[in-house]
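> This is a predicted model, with the sequence first.
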Amino acid sequence: MFETSEFGLSSEGIHLLRSRYNYETVPFSHIQSIRFGKGRIVNNWVAILVIGLACVAFSIFYAFVLLEVFSDERVNRIYIEEILLPFLPLVFGVYMVYASLRTGEMMVVCYGRKTKRFTLERLKKEGSLERFMDEVNSHVQRNGKANGSATQM
């Protein structure tokens, strides 16, 4: 019925996918809770943010070092690699900071002792996010499990 690159939804439950291959099916009877809401799209966003900020800081530091080299009278030759060196970490770092701070629609599924997070951005772009949320809510309610719930975060 609904499918993204990470999961699929059917009347049986939620199918966890890897390369469009179902490696695990979570029946609705095993799901304790499903939450919808905004969240960070990437996992380990703090580590990615720190690495990105470190790359940006290195680029800024090296740019100041390079300015000192330009003003030094003893330096006769400056190689193009030295001039380009701060740009690659700067571009990489800015992208990592951007990626780590991006938020989007997420679904958090708790079952057993596991918790899985899935991005719903593809469904949002297709315009089927509301239908998907209604479908999940109806499956959870049909299941009749007392502690099963699909809520907004």
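It's in.
> what are the ranges of the strands in this protein?
Taking DSSP state E as the criterion, the chain carries its strands at 2-3, 7-9, 13-18, 21-27, 31-40, 103-111, 114-119, 150-152.
> tell me the angle the helix of greatest length in the chain makes with strand 31-40.
Taking DSSP state H as the criterion, the chain has its longest helix at helix 45-71. Computed with axes from the mean of the first three to the mean of the last three CA atoms, to 10 degrees, the direction of helix 45-71 lies at 20 degrees from that of strand 31-40.
> can you put the strands of the chain in CSV and add mean neighbour count, mean pLDDT and distance to Ile51?
In this view, the C-beta of every residue, glycine as well, is placed from N, C-alpha and C. As requested, those are arranged in CSV below (neighbours: other CB atoms under 10 Å; pLDDT from 0 to 100; distance: least, CB to CB, whole Å):
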stretch, mean neighbour count, mean pLDDT, distance to Ile51
strand 2-3, 16, 83, 32
strand 7-9, 19, 89, 28
strand 13-18, 18, 90, 26
strand 21-27, 12, 89, 29
strand 31-40, 17, 89, 15
strand 103-111, 18, 91, 19
strand 114-119, 15, 90, 21
strand 150-152, 13, 61, 32
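> Can I get the ones you listed in a markdown table including distance to Leu49?
A markdown table is the format used below for those (distance: least, CB to CB, whole Å):
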| stretch | distance to Leu49 |
| --- | --- |
| strand 2-3 | 31 |
| strand 7-9 | 26 |
| strand 13-18 | 26 |
| strand 21-27 | 30 |
| strand 31-40 | 10 |
| strand 103-111 | 13 |
| strand 114-119 | 17 |
| strand 150-152 | 26 |
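> Quick one: closest of these to Ser128.
Nearest of the strands of the chain to Ser128, taken as CB to CB: strand 2-3 at 6.9 Å.
> so what secondary structure elements neighbour the longest helix of the chain?
Helices and strands in packing contact with helix 45-71 are listed as helix 80-84, helix 87-101; criterion 3 or more CB pairs under 8 Å, 6 or more residues apart in numbering; DSSP states H and E.
> Right, I'll leave it there.
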